[in-house]
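Visitor: Output the structure for:
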Amino acid sequence: MKKFNHVIDKDKIIYAYSIENMAEIIKAMNTIVKGLNDEGAYYYDWIDIVPDEATDDDFKDIAEDDEILTDTLKRFKNIIKKYFKFEN
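Guide: Model prediction:
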């Protein structure tokens, strides 16, 4: 388990200051992805990193593992880019 100080992505965005807070953020990300109601987003881009019917312990496990957490954040960003359409 890592010594959790905070999570900052390459754009210098601070996501969380504790494992518990990061687990809640991942849980919210999961809710958003499931709420897209798009099989492509959920089954092909998300479910192999965040388990189907994930539990609070699953979210905490993801938050504690640097490699999995980084992959989860990248995938979420990619899903947002791919499945949400923003106008300039």
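Visitor: Can I get stretch 20-29 as CSV, trimmed to CA atoms?
Guide: Output in CSV follows, covering the C-alpha atoms of stretch 20-29 (Å, rounded to 0.1, in the frame of the first residue of the first chain):
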residue,chain,number,x,y,z
GLU,A,20,-11.0,7.2,1.2
ASN,A,21,-11.7,10.4,-0.8
MET,A,22,-10.1,8.9,-3.9
ALA,A,23,-12.3,5.8,-3.5
GLU,A,24,-15.4,8.0,-3.4
ILE,A,25,-14.3,9.8,-6.5
ILE,A,26,-13.7,6.5,-8.4
LYS,A,27,-17.2,5.4,-7.2
ALA,A,28,-18.7,8.6,-8.7
MET,A,29,-16.8,8.0,-11.9
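Visitor: For this protein, which segments count as helices?
Guide: Ranges of helices in the chain, per DSSP state H, are 19-35, 39, 56-64, 66-83.
Visitor: elements contacting the longest one?
Guide: Contacting helix 66-83 under the criterion 3 or more C-beta pairs under 8 Å, 6 or more residues apart in numbering; DSSP states H and E are the following elements: helix 19-35, helix 56-64. No exception for glycine: its C-beta is placed from N, CA and C like everyone else's.
Visitor: For residue 59, give me its contacts.
Guide: 23, 24, 26, 27, 30, 50 (C-beta atoms under 8 Å, 6 or more residues apart in numbering).
Visitor: same deal with residue 76?
Guide: Taking C-beta under 8 Å, 6+ apart as the test, what residue 76 contacts is 29, 32, 33, 46.
Visitor: now with 10 Å?
Guide: Contacts of residue 76 were listed using C-beta atoms under 10 Å, 6 or more residues apart in numbering, and they are 25, 26, 28, 29, 30, 32, 33, 45, 46, 49, 50.
Visitor: re earlier: which of the helices of the chain has the lowest mean pLDDT?
Guide: Note on the helices of the chain: helix 39 shows the lowest mean pLDDT, a mean of 83.
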